[in-house]
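J.: just need the structure, nothing else, for what follows:
(2 chains)
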Amino acid sequence: MTVAGDRRLLEETAHAILGLDDPWPALEEAGLTGVGVPESAGGSGGDLADVAVLLRAQGYHAAAVPLAETLLAGRLLATTEHAMPSGPLTVAPGRFARRVPWARDAYRLVVLDGERAALVAPEDAEITPGANVAGEPRDDVTVRAGLASVECPVSAEDVLLRGALFRAVQLTGAMRRVLELVVRHAGEREQFGRPVGRFQAVQQQLAELAGEVAVADVAVRAALRTPDDEVAVAAAKLNASRAAGVVAGVAHQAHGAIGVTSEHPLGALTTRLWAWRDEFGGETHWARRLGALGRVPWETVTRTDTSPTTVTW
Amino acid sequence: MALPELEPGVLPPGAERLRAEVRAFLAAAEFEPRCDAWLTGADPGFSRELGARGWLGMTLPAEYGGRARTALERFVVVEELLAAGAPVGAHWIADRQMGPSLLANGTDGQKREFLPAIARGECFFAIGMSEPGAGSDLASVRTRAEHADGGWRLTGTKVWTSGAHLAHAIVVLARSAPGGPRHEGRHEGLSQFVVRLPGDGVTIRPILGLSGEHHFNEVVFDGAPAELLGREGDGWRQVTAELAHERSGPERFLSTFALVRLVCSLAPGVASGRLVGRLWALRQASLAVAGALAAGRSPDLEAAVVKDLGTRFEREVIDVAREQLAVEPDPASPDLAARLLAQAVVQAPGFTLRGGTNEILRGIVARGLGVR
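T.: Here you go, the predicted model:
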């Protein structure tokens, strides 16, 4: 490895693999499940921008793989003395954690316990299966056994912040694909003797969709430059989650009944939009935190200009 | 198919020092913050003070009295002034639009006459685009330009001309030759002209706004002497080249910022946080367009998006303020919140009309997407 050295190659590789029916084996084979984790910690190297390339592609293809979770866990482990094991991983931010993504399918859970972290096999935890509307596992996890844990500087709050940024990136990838699908449909589907995109009522809706995508996208890209700044991440997730609702709504309206079957590619994307917008905090969660941050909004809005661009983990 | 896409803008080194200077100046300056101050808050004295500090005509070259600063440095100054609700209305059009337009299209004589005065805050401009019969359909303007005495004379009527009563000159879009055949041909035969104000053959009449305030005017040209700006017949291209600058700046999401500040200070919570989060993203989008423009690109689609979503945010602020502050709008109230709300409410219809209606903007986006 590493493909992460060349971002364009990384993007092409990611799209080629994540477009497969079962991408996980090829992701592992190519070392993409360790991108953003130093080679010394068992990863493939690369930085957060490389991670974002992968997550955007994963969202774009609505690929049903715990890639975001594995990369999150890998980066977390890199701050500890544990090496990153191979296989799918996920993070449980406490010994009693609700709706942990992909817990039952993980090779190991990274369980946070105060200022320590432990690697736990799913069979050593009590797992109550659950799922989001896209059918992705979201399981409640209870870890009762004594843990062989190591020191970990990353807190549950840090995981929430980083997880929110990751989901926001995935959302922008999925929204980009929805925009492409809806534009193609509007150009091809004919009613009343012309493509439905020729109707101003449809055009106005599509422009709305494109606008929300563009603003969410630039917000998320900007937040990736200061990923430890709470304001940047909160605003990125808030706008991506807000856009997700608008985008899914407009896309389904424009597709008509054609889009509401499980055979159509739109559904795999919109169900993820509806799920991911509420994971790691929805609009209200992040709005509440932004609201609590201070009473001088202009300073809040501009403070990220000078936030450190170094990344803690 | 062109999908709107933006790279985040990067502020230049020194931007924070500049920001601190502007903030210090604003903290000491005496004015009452207003909503929509960039259109309705004219204070020629304040404009001259900004000029003296080097904060007008910032991007113009030094040989024309400018400060040779970058567009992103100007972005910093402008967003600070707007966020403070400062009275920037007198010089706004000259500084934002006509300075760059004269620099791009003007003769050396026009540049020497107008640009240094714009940078000093002593020359204000109006834009003569809309007419009684030409609003969104700008190419249907009927103001005529005719050759006379080696120059040009204009005849026709412009309306909704902000600040014409304070301006020293107006740039007018007029028909200097018949349009070509077919629909697109209407863009041919249009030219831009400069007319000094007040001037012979020009009558300026107030058009009062919804609360009786005066910033709009009707400007009637009756054989008024005019100078060509740029190339004859090139008016449509010149006007549309200004649009990305005109549509994507911070004035497209900060018109009601004084209310955001009140909501955050009096009722901090989910609703105020939602506004702050949205504002953060819209500012990033605006900054990204500014960065793209500075790099020589033409992000027309993205500029249209910023104006569409930004101006709707400005209106959303009003509803959140009403919900959170529970105050009745009253332009003469001793309560600042009531005054700001009154200003915002009556100006709000204009937010999504001026500079291209939001429906026109979405049409531009739809065309970019390839569905139109």
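J.: show me what counts as buried in stretch B:173-180.
T.: Within stretch B:173-180, the residues that qualify as buried are B:173-176, B:179, counting by 16 or more other CB atoms under 10 Å in any protein chain shown. Any C-beta I mention is one placed from the backbone N, CA and C, and that applies to glycine too.
J.: got a list of what residue A:218 touches?
T.: B:6-8, B:281, B:284-285, B:288 (CB atoms under 8 Å, 6 or more residues apart in numbering or on different chains).
J.: what's the helix or strand for residue B:350?
T.: Taking DSSP states H and E as the criterion, residue B:350 maps to helix B:336-351.
J.: just residue B:218 next, same as before
T.: Here residue B:218 is assigned to strand B:214-229, by DSSP H and E.
J.: is any residue of the helix or strand following that strand near chain A?
T.: Remark: after strand B:214-229, the chain's next helix or strand is helix B:235-248, criterion DSSP H and E. No. Shown here: helix B:235-248 not in contact with chain A (CB under 8 Å from any CB of the partner chain), separated by at least 11.7 Å.
J.: what's the next secondary structure element after helix B:235-248?
T.: Downstream of helix B:235-248, the first helix or strand assigned by DSSP H and E is helix B:257-266.
J.: chain center to the very next helix or strand once past that following helix: distance?
T.: Next helix or strand after helix B:257-266 toward the C-terminus (DSSP H and E): helix B:270-294. Averaging C-alpha positions (CA atoms, centre = their mean, to the nearest Å) puts helix B:270-294 18 Å from its chain's average.
J.: next one: stretch B:47-56
T.: Per CA atoms, centre = their mean, the centroid offset for stretch B:47-56 relative to its chain is 18 Å.
J.: run the chain-centre distance for the helix or strand immediately after the helix holding residue B:350 in the chain.
T.: Using DSSP H and E, the helix or strand that follows helix B:336-351 in sequence is helix B:358-369. Mean C-alpha position of helix B:358-369 versus that of the full chain (CA atoms, centre = their mean) differs by 20 Å.
J.: what's helix B:358-369 in contact with?
T.: Contacts for helix B:358-369 (CB under 8 Å, 6+ apart): A:183, A:197, A:200, A:203-204, A:206-208, A:210-211, B:1-4, B:136, B:247, B:300-301, B:304-305, B:307-308, B:311-312, B:352, B:356, B:372.
J.: now do it against helix B:336-351, angle only.
T.: Helix B:358-369 runs at 50 degrees relative to helix B:336-351, counting by axes from the mean of the first three to the mean of the last three CA atoms, to 10 degrees.
J.: report the buried residues of helix B:358-369.
T.: Neighbour-count burial for helix B:358-369 [16+ other CB under 10 Å]: B:358, B:360-369.
J.: now these in CSV, with pLDDT?
T.: Shown next, in CSV, are the buried residues of helix B:358-369 (pLDDT from 0 to 100):
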residue, pLDDT
B:358, 96
B:360, 95
B:361, 96
B:362, 96
B:363, 96
B:364, 94
B:365, 96
B:366, 96
B:367, 95
B:368, 94
B:369, 95
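J.: between these, which is closest to residue A:16?
T.: Proximity of the buried residues of helix B:358-369 to residue A:16 (CB to CB) peaks at residue B:369, which lies at 26.2 Å.
J.: show me what contacts residue B:105?
T.: B:192, B:229-231, B:238.
J.: so how far is chain A from the closest residue to it other than its chain neighbours?
T.: Of all residues not flanking residue B:105 in the chain, residue B:230 sits nearest, at 3.3 Å (CB to CB, 6 or more residues apart in numbering or on different chains). According to CB to the nearest CB, to the nearest Å, residue B:230 and chain A sit 31 Å apart.
J.: circling back: show me the buried residues of stretch B:173-180 that map onto strands.
T.: Judged by DSSP state E, the buried residues of stretch B:173-180 include B:173-175 as members of strands.
J.: show me where the stretch 1-150 of chain A has helices.
T.: Counting by DSSP state H, counting those that start in this stretch, the stretch 1-150 of chain A has helices at residues A:7-18, A:24-29, A:48-60, A:67-77.
J.: make CSV out of those and add distance to residue A:219, mean neighbour count and mean pLDDT.
T.: Formatted as CSV, the helices of the stretch 1-150 of chain A follow (distance: least, CB to CB, whole Å; neighbours: other CB atoms under 10 Å in any protein chain shown; pLDDT from 0 to 100):
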stretch, distance to residue A:219, mean neighbour count, mean pLDDT
helix A:7-18, 20, 18, 97
helix A:24-29, 27, 16, 98
helix A:48-60, 13, 25, 98
helix A:67-77, 18, 26, 98
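J.: and residue A:235, which of these is closest to it?
T.: Nearest of the helices of the stretch 1-150 of chain A (CB to CB): helix A:48-60, 16.3 Å.
J.: could you pull out the strands for chain A?
T.: A:89-92, A:96-101, A:108-113, A:116-120, A:126-128, A:138-142, A:150-151, A:190-191, A:194-195.
J.: just those: most buried one?
T.: Comparing the strands of chain A on average neighbours per residue, with mean count of other CB atoms under 10 Å in any protein chain shown, the densest one is strand A:89-92 at a mean of 27.
J.: check which helices and strands it sits against.
T.: Contacts defined by 3 or more CB pairs under 8 Å, 6 or more residues apart in numbering or on different chains; DSSP states H and E place strand A:89-92 against helix A:67-77, strand A:96-101, strand A:108-113.
J.: restrict that strand to CA atoms and write it as PDB.
T.: Once non-C-alpha atoms are left out, strand A:89-92 reads as follows in PDB (Å, rounded to 0.1, in the frame of the first residue of the first chain):
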ATOM      1  CA  LEU A  89     -14.900  -2.900  13.600                       C
ATOM      2  CA  THR A  90     -17.300  -0.500  15.400                       C
ATOM      3  CA  VAL A  91     -17.200   1.800  18.400                       C
ATOM      4  CA  ALA A  92     -19.500   1.400  21.500                       C
END
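J.: what pLDDT, on average, does that strand get?
T.: What strand A:89-92 shows for mean pLDDT is 98.
J.: that one pairs with which strands?
T.: Note on strand A:89-92: by DSSP bridges, its sheet partners are strand A:108-113 (parallel).
J.: how far is the partner strand from where the chain is centred?
T.: 19 Å.
J.: what of stretch B:67-87?
T.: That offset, for stretch B:67-87, works out to 13 Å (CA atoms, centre = their mean).
J.: do it and chain A meet?
T.: Yes. Using CB under 8 Å from any CB, stretch B:67-87 reaches chain A at B:79, B:83.
J.: how long is stretch A:138-158 from one end to the other?
T.: Distance between the two ends of stretch A:138-158: 20 Å, counting by CA to CA, to the nearest Å.
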